[in-house]
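Peer 1: This is a predicted model, with the sequence first.
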Amino acid sequence: METIVLKDTVTNRMTDQEFERFCLENENLRIERNSNLEIIIMSPVTTKSSFSSGAVFGQLYAWNLIAGTGYVFDSSTGFTLPDRSVFSPDASWVSKGKFNLLSEEDKDKFAPICPEFVIEVRSKADYISDLQNKMKTWIKNGAELAWLIDPREQVSYIYRPGKFEEVINGFDRNLEGEGPISGFTLDLSKVNI
């Protein structure tokens, strides 16, 4: 199944609360929303893709257990960005200081916050150009660092505010964290099976 984009006058008039209810009522679907308020329905990922995104999340989570400076979220977490997009990255990190500014009510919905760091992992159904645009959206909405990992082509893309994307070829190396996740190392050799 390819990605489906719902474009109509009903879906683009949904409030944030109505969109959240729509997602909860369709919990078996992978749903996001772009800044044009179009609803994006994605197919489940393959076993191989799930392994890759799990490996990325696991490494970030393990690092954060030791660093203890923030909170790590998996691919089922929706974030409401300033442009009203609601995205669910494969792995993300939010500093404790930033997260703790949210009300308890906001923490229990698609939180109106942009993670400082996000990782997206390309799955079989993803178009690389769509993911590259998504990474730019993360940066425009406040992410300080964003990594796009493509296990199929063994290429990684690094995004930073005000800079061109950096392309890293090969999975025989590590990606080194910087800024908010300084000290985090992602072992790319563990991302593919």
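Peer 2: Nice, I can see it.

Peer 1: looking at the chain, which helix or strand is least sure?
Peer 2: Lowest by mean pLDDT, DSSP states H and E among the helices and strands of the chain is strand 4-6, with a mean of 84.

Peer 1: what's next to it, contact-wise?
Peer 2: Under the criterion CB atoms under 8 Å, 6 or more residues apart in numbering, residues 34, 38-42 lie in contact with strand 4-6. For glycine as for every other residue, the C-beta is placed from the backbone atoms N, C-alpha and C.

Peer 1: Specify which member of the residues you listed is nearest to Leu145.
Peer 2: Proximity of the contacts of strand 4-6 to Leu145 (CB to CB) peaks at Asn34, which lies at 21.5 Å.

Peer 1: In contact with that closest one: list those residues for me.
Peer 2: Contacts for Asn34 (CB under 8 Å, 6+ apart) come out as 5, 40, 85, 137.

Peer 1: Tell me how far it lies from Ile40.
Peer 2: Noted for Asn34: a distance of 6 Å to Ile40, by CB to CB, to the nearest Å.

Peer 1: In space, what's closest to the residue positioned nearest the centre of the chain - neighbours in sequence excluded?
Peer 2: Nearest to the geometric centre of the chain sits Pro89, at 1.6 Å (CA atoms, centre = their mean). Leaving out its chain neighbours, the residue that sits closest to Pro89 by CB to CB, 6 or more residues apart in numbering is Val118, at 4.1 Å.

Peer 1: if I read this right, that neighbour contacts Ser92, doesn't it?
Peer 2: Yes - counting by CB atoms under 8 Å, Val118 does reach Ser92; the two are 4.7 Å apart.

Peer 1: about what we covered before: from the contacts of Asn34, pick the one nearest Ile128.
Peer 2: Thr137 (14.9 Å).

Peer 1: what does the helix or strand containing that closest one contact?
Peer 2: In the assignment (DSSP states H and E), Thr137 maps to helix 128-140. Contacts made with helix 128-140 from outside it, assessed by CB under 8 Å, 6+ apart, are listed as 3, 34-35, 81, 83, 85, 87, 89, 114-115, 118, 120, 122, 146, 148, 150, 153, 157, 159-161, 165.
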